[in-house]
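Quick one: sequence plus predicted model below, questions after.
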Protein chains: 2
Amino acid sequence: MATRKAVVLGAQSLLRSSSTSSPSIRNLHASSESKKIVGVFYKANEYASMNPNFVGCAEGALGIRDWLESQGHQYIVTDDKDSPNSELEKHIPDLHVLISTPFHPAYVTAERIKKAKNLQLLLTAGIGSDHIDLKAAAAAGLTVAEVTGSNVVSVAEDELMRILILVRNFVPGYKQVITGDWNVAAIAHRAYDLEGKTVGTVGAGRIGRLLLQRLKPFNCNLLYHDRVKMDSDLESQTGAKYEEDLDAMLPKCDIIVINMPLTEKTAGMFNKEKIAKLKKGVLIVNNARGAIMDTQAVADACSSGHIAVGMFGFHNQLQRITLGVICQIRR
Amino acid sequence: MATRKAVVLGAQSLLRSSSTSSPSIRNLHASSESKKIVGVFYKANEYASMNPNFVGCAEGALGIRDWLESQGHQYIVTDDKDSPNSELEKHIPDLHVLISTPFHPAYVTAERIKKAKNLQLLLTAGIGSDHIDLKAAAAAGLTVAEVTGSNVVSVAEDELMRILILVRNFVPGYKQVITGDWNVAAIAHRAYDLEGKTVGTVGAGRIGRLLLQRLKPFNCNLLYHDRVKMDSDLESQTGAKYEEDLDAMLPKCDIIVINMPLTEKTAGMFNKEKIAKLKKGVLIVNNARGAIMDTQAVADACSSGHIAVGMFGFHNQLQRITLGVICQIRR
């Protein structure tokens, strides 16, 4: 629900008239004419009607249709986005605004940008615009906007959940209950408390900080690596210790949490060499884009028992398969 | 590991000589003679050797064998406990001390107490002695001891994990990954943040308080019901609000967590009437003994959609089946 509000506000401010645009930017703000807006979202089918507040799908259309249409804009929503004959492709030549989400991204290639003569705004209803060719978008003077902060609480909560699931060895216990098995030893021999463990976050931006705050009462040893030190208030509030050198932090951690954006610099950064620096038996929670991990290196280290990993890779098929591998190893 | 230490300390203090026993109690403390001690634990089989610190099993024998034998005591460990021809049954007539755990309990009935002429101490290596006929034990002047506090952190952590798993709808997402499915809507239409939810704990003793402390940074609305109000320091530290009347608290909660001991008074307390007071769609996390819930009433309310429940029922087969039912409903 927080996401819905943020998206609406973001869209409203971006679609309102304004005269501050630089002359090199395709001028969205200065005109008040009707825009053609295309939203690309996954279809929820039977789930759409189960929750009236569930708007992040094609049926819900972010809950902004009435408002957009009342402002005189045209709003087309589809889930059909990839093929040359897709619904999205048909609208590329004359759309003004394209809205998409990381869960079902409209890939905006240099070729599509070239075709999209009217395109002014690429809006991610969420965080992360790695589905957009940012260089090509910048060269074309397009505005690329995300809803900064819209999911930070969700991700921090999800990370803490995944940490607990891995440390406490939840999944095998769940499976035993479902299958009617009852073997306490199979779970207990590697179920631990989080208390007293060393947890390191690689990246302590908006999400990393919320995670550290939520970890505080668990009485862990908290470490964080980032380009910059947090301000001392937040550091003393969370009790987290700054590690300037990532390679020095890695071997200290029982649990590593990755909170970095996917960039050219971070893609594949958790490779064989980085993994070799980790403690044997380390747990990794990656709620960042899956491509931050070198898939093969992670799979190899899982097979060898060097790491057990909880990943959240919604980015592409390959990452999802990796997650499957990892969960099986933890079985 | 914390449990191991606590158990060793508990056993040491109870087995040491002392002259403070009342004359009506079978005199364990005043004698320094060799005792016959029987430990009943589950067999870990192949898992025993996977972790040298895993001592809560028959093979690990709580890690106190060397110490007990160095003190001149006899220490017999078995997992065979229930039948009339069981290993435990053979030792009932002459054992002095019986150690057991709630996960694989040695049921101590009035009949066994009658047979156990030398029995002085019943020790639970953990919390909860509902496997012992306490009235019969009291009548026989036996000491029944638990390792108070040994698992409070573990349970509080586990509860917070289960709250997050239910609120964030983890299990269906995990299943999709394993089966190679990819349907975001099936998960997202009922996945929520914990932030902003009203969480109520029924019972705010050792565990409930640790849970409230850990919930604090999640920015929930925290409520608690107990016989007594917490001291005001702890109340302001957690921000939790006291609800003297349980029936008044129940309809306010999005999530109910049960932290009550199983007693004659609490057995089956979450019956049809109590459940009817809950919000439709409430989540229940019961890390207390399963018998606190009226199994049929819970199953019915799950089927009707009134509640979705995460339970931890290791108490008996029936409770485990209930848990299975509930998890399937959440699928």
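Yep, it's here.

A strand includes A:Ile284, no?
Yes. Assigned with DSSP: H, G, I helix; E, B strand; the rest coil, A:Ile284 falls within a strand.

wait, it sits on A:Ile258?
Yes. At 7.1 Å, A:Ile284 and A:Ile258 qualify as touching, with contact defined as Cβ atoms under 8 Å. Quick note: C-beta positions are derived from backbone N, CA and C, even for glycine.

Give me every residue in the stretch 101-250 of chain A lying close to chain B.
Selection of the stretch 101-250 of chain A residues close to chain B by Cβ under 8 Å from any Cβ of the partner chain yields A:103-104, A:153-154, A:157-158, A:160-161, A:164-165, A:168, A:170-171, A:174, A:177-178, A:180, A:182, A:184-186, A:188-190, A:193-195, A:213-214, A:216-218.

Tell me which of those residues fall in helices.
Within these, residues falling in helices by DSSP state H are A:153-154, A:157-158, A:160-161, A:164-165, A:170-171, A:174, A:177-178, A:184-186, A:188, A:213-214.

So how do I select the buried members of these in PyMOL?
Under the burial definition 16 or more other Cβ atoms under 10 Å in any protein chain shown, those of those that qualify are selected in PyMOL by:
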select buried, chain A and resi 153+154+157+158+160+161+164+165+170+171+174+177+184+185+186+188+213+214
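
isn't A:Ile165 right up against B:Phe170?
Yes. Under the criterion of Cβ under 8 Å, A:Ile165 makes contact with B:Phe170 at 7.3 Å.

pLDDT of stretch A:134-151, averaged?
Computed over stretch A:134-151, the mean pLDDT rounds to 93.

again, but for stretch A:44-63
92.

From A:Leu234, how far out is A:Arg206?
Distance check for A:Arg206 against A:Leu234: by Cβ to Cβ, to the nearest Å, it reads 12 Å.

So between these two, which is more surrounded?
A:Arg206 (17 against 14; other Cβ atoms under 10 Å in any protein chain shown).

Please name the residues that touch that one.
Residues counted as contacts of A:Arg206 (Cβ atoms under 8 Å, 6 or more residues apart in numbering or on different chains) are A:Gly149, A:Val152.

Got phi/psi on it?
phi -50, psi -50 (degrees, to the nearest 10).

Please report how far it lies from chain B.
14 Å (Cβ to the nearest Cβ, to the nearest Å).

Extract the residue ranges of chain A that are flagged as low pLDDT.
A:1-32, A:308-331 (pLDDT under 70).

redo that, cut-off 50
A:1-13, A:16-24, A:30, A:313-331 (pLDDT under 50).

ok, which stretches of it are helices?
Counting by DSSP H, the helices of chain A are A:2-15, A:65-70, A:87-91, A:110-115, A:134-139, A:152-167, A:170-179, A:184-188, A:206-215, A:232-238, A:246-249, A:272-276, A:295-303, A:317-329.

can you tell which of those is closest to B:His73?
Proximity to B:His73 (Cβ to Cβ) singles out helix A:184-188 among the helices of chain A, at 25.6 Å.

Tell me who's in contact with the residue nearest to A:His91 when sequence neighbours are not counted.
Distances taken as Cβ to Cβ, 6 or more residues apart in numbering or on different chains place A:Val38 nearest to A:His91, at 4.9 Å, with adjacent residues excluded. Shown here is A:Val38, whose contacts under the criterion Cβ under 8 Å, 6+ apart are A:Ile76, A:Val77, A:Thr78, A:Leu88, A:His91, A:Leu95, A:Val97, A:Leu98, A:Ile99.

do you know how far A:Val38 is from A:Tyr75?
A:Val38 is 8 Å from A:Tyr75, by Cβ to Cβ.

likewise A:Asn271?
According to Cβ to Cβ, A:Asn271 and A:Tyr75 sit 43 Å apart.

Compare the two and say which is more crowded by neighbours.
Neighbour comparison, A:Asn271 and A:Tyr75: the larger count goes to A:Tyr75, with 20 against 13 (by other Cβ under 10 Å).

Just give the nearest non-adjacent residue to A:Asn286, would you?
The nearest residue in space to A:Asn286 (Cβ to Cβ, 6+ apart) is A:Ile258, at 4.3 Å.

okay, now that neighbour: neighbour count?
A:Ile258: 23 neighbours (other Cβ under 10 Å).

Please apply the same query to the one 5 residues further on.
Residues within reach of A:Thr263, counting by other Cβ under 10 Å, total 12.

Also A:Ala297?
That count, for A:Ala297 with other Cβ under 10 Å as the rule, works out to 18.

Pull up the gap between it and A:Thr201, please.
Relative to A:Thr201, and taking Cβ to Cβ, A:Ala297 is found at 20 Å.

need the contact list for the closest residue in space to A:Glu243 that isn't next to it in sequence.
By the measure of Cβ to Cβ, 6+ apart, the closest residue to A:Glu243 outside its immediate chain neighbours is A:Met249, 3.7 Å from it. Applying Cβ under 8 Å, 6+ apart, we find A:Met249 in contact with A:Gly200, A:Val202, A:Leu223, A:His225, A:Glu243.

and A:Met249, how far is that from chain B?
23 Å.

likewise A:Asp133?
On the measure of Cβ to the nearest Cβ, A:Asp133 and chain B end up 24 Å apart.

pretty sure that residue contacts A:Thr109?
Yes. Here A:Asp133 lies in contact with A:Thr109, judged by Cβ under 8 Å, at a distance of 5.5 Å.

neighbour count winner among those two?
A direct count of neighbours by other Cβ under 10 Å for A:Asp133 and A:Thr109 places A:Asp133 higher, at 19 against 12.

what residues are up against the more buried one?
A:Asp133 touches A:Val108, A:Thr109, A:Ala110, A:Ile113, counting by Cβ under 8 Å, 6+ apart.

What's the end-to-end length of stretch A:41-50?
End-to-end distance for stretch A:41-50: 17 Å, by Cα to Cα, to the nearest Å.

Please see if it touches chain B.
Yes. Using Cβ under 8 Å from any Cβ, stretch A:41-50 comes into contact with chain B via A:Tyr42, A:Lys43, A:Ala44, A:Asn45, A:Tyr47, A:Ala48, A:Met50.

List buried residues within those residues.
A:Tyr42, A:Lys43, A:Ala44, A:Tyr47, A:Ala48.

possible to save those residues as TSV with distance to B:Gly128?
TSV is the format used below for those (distance: Cβ to Cβ, whole Å):
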residue	distance to B:Gly128
A:Tyr42	46
A:Lys43	49
A:Ala44	44
A:Tyr47	41
A:Ala48	45
